[in-house]
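Asks: Just a sequence and a predicted model for now, questions to come.
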Amino acid sequence: MDFGFATAGRIIFGLYSYTKIADYVSEFGDSVFMVSGGSYSRVEPLVTELQKRSIKVTRTGVQGEPTVELIEDILTQLRDLKPDVVLGAGGGSVIDTGKALAALATHPGRVLDYLEVIGGGKKLQHAPLPYIAIPTTAGTGSEVTKNAVLKSQKHKVKVSLRHNWMIPDIALVDPVLTLTVPKNVTASTGMDALTQLIEPYVSHKANPLTDGICKEGLLRAAGSLRNVYLNGDDLQAREDMCVASLFGGLALANSKLGAVHGFAGPVGGYLDAPHGMICARLLPLVTRMNIEAVKNDPSLKEVMLRYDDIAEILTGDSHARAADVPDWLHDLTNDLQIGGLAEFGLQKNDIPKLVKQSQKSSSMQGNPVKLNETQLTEILTQAIES
């Protein structure tokens with residue numbers, strides 16, 4: 001058995017832990033470049049805490065998923081400012097934006113020079129600027145991962161910039177900062193977290209450390225995702241989902257994902273759809289297809305037993321088995337009012353090219369069973385409708 005484990009230099013978790021942000025920033029210096037979402041009110045408490053300690057804050061607000069073009073625009077400003085630390089406070093897109101900026105600020109050239117597939121694929125040669133990640137949604141777990149997912153508008157594809165140096169120096173997770181997240185975002189990010197706990201657990205790269213993390217995260221998500229969707233002020237449920245999100249990030253960073261995320265990259269690059277919504281729609285379908293594919297293969301008995309584990313955790317029923325998992329997930333997506341991908345413009349004639357792209361994705365290689373073109377086509381076809 002061979003495995004390793006890498007994560008943020010420090011993980012700080014707790015209610016109102018954000019009030020100590022100035023202490024953590026001061027370890028690196030007294031000037032901050034802050035990347036946040038479009039709404040200033042979400043990060044105003046952080047800015048207030050920093051300014052109390054006379055820490056200089058330069059803020060840029062970003063909306064939507066990070067694009068190559070966006071990173072290029074901000075990078076010029078960042079290189080001129082030469083701040084002591086970069087701070088990303090927001091959802092996964094914001095945190096990924098901050099990761100990419102912190103990494104590339106210490107390197108010459110353009111963003112494309114360092115991207116695989118669509119760019120030069122150059123390796124990072126210098127340590128990034130110190131980076132602190134503070135999630136304000138519960139889903140991506142990107143505060144403890146080493147990659148930044150960037151969308152190329154020109155190429156209509158998502159690619160990753162990744163390096164072990166890009167794991168944040170500090171991940172500060174405070175459930176209080178997620179209290180104002182809207183219902184639809186709570187649903188999509190929560191389903192992303194759930195996906196990132198299920199896929200690493202059944203991946204062929206699973207290990208004893210990620211197994212424990214996944215099971216604890218699944219237990220919390222199963223008990224709290226519906227609750228937090230119905231009542232966003234439920235702080236205990238918010239806390240559980242922040243744990244689930246964090247644990248999903250830890251798991252995927254040290255194991256593998258699967259076909260849901262194998263699809264999510266190409267589909268997300270092609271459609272203007274939130275990553276979590278894509279994962280939510282695909283998760284029950286991929287899970288059902290995986291279980292059908294492994295149930296009659298004796299060499300994959302261990303995978304079926306892992307789906308049995310997931311069934312017991314999600315349903316709370318010790319008699320539940322693998323076949324119950326897709327139904328439970330389908331009912332959950334209905335409760336969270338998640339519809340089909342037709343809402344975002346996916347059509348049947350888009351499917352062949354997206355299947356071909358997904359087959360090449362690194363996440364698809366982590367799936368517990370190799371799905372053929374017919375099976376992948378069936379999944380995407382079903383995902384179009386609600």
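Replies: On my side now, so go ahead. Everything quoted here is computed from the prediction, not taken from an experiment.
Asks: Poorly predicted segments of the stretch 101-250 of the chain, please.
Replies: Counting by pLDDT under 70, the stretch 101-250 of the chain contains no low-confidence range.
Asks: what about the helices in it?
Replies: If you assign secondary structure with DSSP state H, counting those that start in this stretch, the helices in the stretch 101-250 of the chain sit at 183-202, 208-230, 235-254.
Asks: Let me have those in a markdown table, extended by distance to I310 and mean neighbour count.
Replies: C-beta here means a position set from N, CA and C on the backbone, and glycine is covered the same way. Shown next, in a markdown table, are those (distance: least, CB to CB, whole Å; neighbours: other CB atoms under 10 Å):
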| stretch | distance to I310 | mean neighbour count |
| --- | --- | --- |
| helix 183-202 | 6 | 26 |
| helix 208-230 | 7 | 20 |
| helix 235-254 | 13 | 25 |
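Asks: Serialize these to CSV and add fields for distance to K156.
Replies: Formatted as CSV, the entries for these read as follows, by distance: least, CB to CB, whole Å:
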stretch, distance to K156
helix 183-202, 21
helix 208-230, 31
helix 235-254, 24
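Asks: Tell me which of those sits nearest to L112.
Replies: Nearest to L112 among these is helix 235-254 (24.9 Å), distances taken as CB to CB.
Asks: what's that closest one packed up against?
Replies: strand 10-13, strand 170-173, helix 183-202, helix 208-230 (3 or more CB pairs under 8 Å, 6 or more residues apart in numbering; DSSP states H and E).
Asks: export those to a markdown table and tack on distance to I351?
Replies: Putting the helices and strands packed on helix 235-254 into a markdown table (distance: least, CB to CB, whole Å) gives the following:
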| stretch | distance to I351 |
| --- | --- |
| strand 10-13 | 40 |
| strand 170-173 | 37 |
| helix 183-202 | 21 |
| helix 208-230 | 29 |
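Asks: quick one, which of these is nearest to K158?
Replies: K158 lies closest to helix 183-202 among the helices and strands packed on helix 235-254, at 14.3 Å (CB to CB).
Asks: The closest one vs helix 235-254, what angle?
Replies: Per axes from the mean of the first three to the mean of the last three CA atoms, to 10 degrees, the angle that helix 183-202 makes with helix 235-254 is 40 degrees.
Asks: Spatially nearest residue to L371, not counting backbone neighbours?
Replies: The spatially closest residue to L371, leaving aside those adjacent along the chain, is A259, at 5.9 Å (CB to CB, 6 or more residues apart in numbering).
Asks: Count the neighbours of the one you found for me.
Replies: Applying the criterion other CB atoms under 10 Å, we find 30 residues in the vicinity of A259.
Asks: Can you say which of the helices and strands packed on helix 235-254 is nearest to R238?
Replies: helix 208-230 (5.8 Å).
Asks: which strands and helices sit next to that closest one?
Replies: Under the contact definition 3+ CB pairs under 8 Å, 6+ apart, helix 208-230 sits against helix 183-202, helix 235-254, helix 301-315, helix 324-335.
Asks: among these, which is nearest G88?
Replies: Ranking the helices and strands packed on helix 208-230 by their distance to G88 (criterion: CB to CB) puts helix 235-254 first, at 13.6 Å.
Asks: Distance from the closest one to the middle of the chain?
Replies: The offset between the C-alpha centroid of helix 235-254 and the centroid of the whole chain comes to 10 Å, using CA atoms, centre = their mean, to the nearest Å.
Asks: What average pLDDT does the helix or strand just after it get?
Replies: Moving toward the C-terminus from helix 235-254, the first helix or strand encountered (DSSP states H and E) is helix 259-270. With pLDDT averaged residue by residue, helix 259-270 scores 94.
Asks: Which is the succeeding secondary structure element to helix 259-270?
Replies: Per DSSP H and E, helix 259-270 leads on to helix 275-294 as the next helix or strand towards the C-terminus.
Asks: and that following helix, average pLDDT?
Replies: In the prediction, helix 275-294 has an average pLDDT of 97.
Asks: Check which helices and strands that helix sits against.
Replies: Contact partners of helix 275-294 among helices and strands, from 3+ CB pairs under 8 Å, 6+ apart: helix 183-202, helix 259-270, helix 301-315, helix 324-335, helix 373-384.
Asks: need those in JSON lines with distance to W165, can you?
Replies: Converted to JSON lines, these look like this (distance: least, CB to CB, whole Å):
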{"stretch": "helix 183-202", "distance to W165": "22"}
{"stretch": "helix 259-270", "distance to W165": "22"}
{"stretch": "helix 301-315", "distance to W165": "32"}
{"stretch": "helix 324-335", "distance to W165": "36"}
{"stretch": "helix 373-384", "distance to W165": "34"}
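Asks: Compare the ones you listed and report which one is nearest to T58.
Replies: Of all those, helix 183-202 comes closest under CB to CB, at 26.3 Å.
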